[in-house]
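S.K.: Generate coordinates for the sequence data below:
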Amino acid sequence: MNLSFSVLASGSTGNAFFIGTENEKILVDAGLSGKELDRLFSEIGMNPNTLSRILVTHEHSDHIKGLGVFARKYNLPIYANEKTWNAMEGSIGKLTLDQKFIFGLEKTNTFGDIDVESFGVSHDAAEPMFFTFYHGGKKVALITDLGYVSDRIKKTVEDADAYIFESNHDVSMLRMGRYPWNVKRRILGDSGHVSNEDCALALSEIIGNKTKRIYLAHLSKDNNMKDLARMSVESVLNERGFSIGQDVELHDTDPKRPTPIYEVV
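M.R.: So this is what the prediction gives:
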């Protein structure tokens with residue numbers, strides 16, 4: 001079986017991502033209740049009992065809300081870097097020693113037949129990191145929760161077959177919206193979230209000949225809309241010579257509904 005994935009949930013209220021092969025099945029983040037996670041797996045026709053492990057990007061509650069409950073229910077090992085473990089340990093309840101593993105920053109680990117490379121991002125968490133996944137010559141990059149996309153990140157994730165990429169907010173909606181100024185400043189800052197336009201500009205530099213699909217992820221409930229995100233990203237990519245729908249497909253993600261499982265071929 002080839003590398004396959006589903007964005008189980010994505011948004012400011014909860015995030016979870018599944019990626020796997022026949023032999024290795026990985027959940028990244030568990031930012032919804034255990035019950036909700038069970039429902040999402042059921043919707044993609046998958047039994048969580050077949051999962052191999054959980055990787056954690058950072059300790060914010062929209063990424064770890066159901067982590068402890070879910071890991072205990074299915075007896076799953078959890079991998080996170082040391083600073084993230086320290087930051088989240090008080091929030092996830094008791095785990096056995098054989099469920100706690102360190103996955104360092106800027107490291108590559110092999111899990112079954114999937115190589116997973118971690119890379120640091122700029123976000124207001126202890127030591128946030130995201131991942132690229134490799135199997136059978138295919139590459140999938142997961143990148144959300146970052147204030148800006150550095151050259152180092154672009155180099156790490158360039159020419160992936162598929163991207164799950166943050167398109168958090170429309171700058172005008174955010175500026176005019178109801179959030180207090182200190183929150184707006186945090187989101188717009190270097191440790192906040194990537195806007196629709198910045199998402200598109202970064203993608204225009206990293207899309208390669210292999211790239212077939214882009215999933216716009218982690219949309220703000222208050223400061224973005226799916227149509228607006230897609231239109232903004234498509235407009236910039238078109239300007240830069242990419243033909244959306246022909247060269248590459250743009251897909252939505254949702255905070256409550258999983259994307260259909262996509263097999264990277």
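
S.K.: Tell me where this protein has helices.
M.R.: Applying DSSP state H to the chain gives helices spanning 34-43, 61-64, 67-74, 82-88, 151-157, 171-176, 181-188, 196-206, 226-239.

S.K.: In CSV: those, plus mean neighbour count, mean pLDDT and distance to D145.
M.R.: Backbone N, C-alpha and C define where each C-beta goes, glycine included. Below are those laid out as CSV (neighbours: other CB atoms under 10 Å; pLDDT from 0 to 100; distance: least, CB to CB, whole Å):
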stretch, mean neighbour count, mean pLDDT, distance to D145
helix 34-43, 18, 98, 19
helix 61-64, 21, 98, 8
helix 67-74, 20, 98, 16
helix 82-88, 18, 98, 12
helix 151-157, 15, 98, 12
helix 171-176, 15, 95, 16
helix 181-188, 14, 95, 11
helix 196-206, 21, 98, 12
helix 226-239, 17, 97, 16
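
S.K.: closest to S6 out of those helices?
M.R.: helix 34-43 (8.3 Å; CB to CB).

S.K.: Between helix 67-74 and the closest one, find me the angle.
M.R.: Interaxial angle of helix 34-43 relative to helix 67-74 (axes from the mean of the first three to the mean of the last three CA atoms, to 10 degrees): 60 degrees.

S.K.: Closest to the centroid, which residue in the protein?
M.R.: The centroid of the chain falls nearest to L142 when counting by CA atoms, centre = their mean (4.5 Å).

S.K.: my read: that residue touches V28, true?
M.R.: Yes - the pair L142 and V28 qualifies as a contact (CB atoms under 8 Å) at a distance of 6.3 Å.

S.K.: Need the residues touching each of these two.
M.R.: F17, I19, T57, F131 (CB atoms under 8 Å, 6 or more residues apart in numbering).

S.K.: now the helices of the chain in CSV, with distance to Q246?
M.R.: Output for the helices of the chain, formatted as CSV (distance: least, CB to CB, whole Å):
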stretch, distance to Q246
helix 34-43, 30
helix 61-64, 34
helix 67-74, 39
helix 82-88, 40
helix 151-157, 22
helix 171-176, 28
helix 181-188, 33
helix 196-206, 16
helix 226-239, 11
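
S.K.: returning to that earlier point: and the residue nearest to the centre of the chain, what does it touch?
M.R.: By CB under 8 Å, 6+ apart, the neighbours of L142 are F17, I19, V28, T57, F130, F131, T132, F133, I164.

S.K.: Look up how far E36 lies from the fifth one.
M.R.: Translated: F130. Using CB to CB, to the nearest Å, we find F130 at a distance of 22 Å from E36.

S.K.: Surely Y74 touches P48?
M.R.: Yes - when contacts are counted by CB under 8 Å, Y74 is listed as touching P48 (5.3 Å).

S.K.: how about the strands in this protein?
M.R.: Per DSSP state E, the chain carries strands over the ranges 4-9, 16-20, 25-28, 53-55, 78-80, 100-102, 108-111, 114-120, 129-135, 138-143, 162-166, 213-217, 249-252, 262-263.

S.K.: need those in JSON lines with distance to P180 and mean pLDDT, can you?
M.R.: Below are the strands of the chain laid out as JSON lines (distance: least, CB to CB, whole Å; pLDDT from 0 to 100):
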{"stretch": "strand 4-9", "distance to P180": "26", "mean pLDDT": "98"}
{"stretch": "strand 16-20", "distance to P180": "29", "mean pLDDT": "98"}
{"stretch": "strand 25-28", "distance to P180": "31", "mean pLDDT": "98"}
{"stretch": "strand 53-55", "distance to P180": "33", "mean pLDDT": "98"}
{"stretch": "strand 78-80", "distance to P180": "31", "mean pLDDT": "98"}
{"stretch": "strand 100-102", "distance to P180": "37", "mean pLDDT": "98"}
{"stretch": "strand 108-111", "distance to P180": "40", "mean pLDDT": "98"}
{"stretch": "strand 114-120", "distance to P180": "28", "mean pLDDT": "98"}
{"stretch": "strand 129-135", "distance to P180": "28", "mean pLDDT": "98"}
{"stretch": "strand 138-143", "distance to P180": "27", "mean pLDDT": "98"}
{"stretch": "strand 162-166", "distance to P180": "22", "mean pLDDT": "98"}
{"stretch": "strand 213-217", "distance to P180": "25", "mean pLDDT": "98"}
{"stretch": "strand 249-252", "distance to P180": "29", "mean pLDDT": "98"}
{"stretch": "strand 262-263", "distance to P180": "38", "mean pLDDT": "98"}
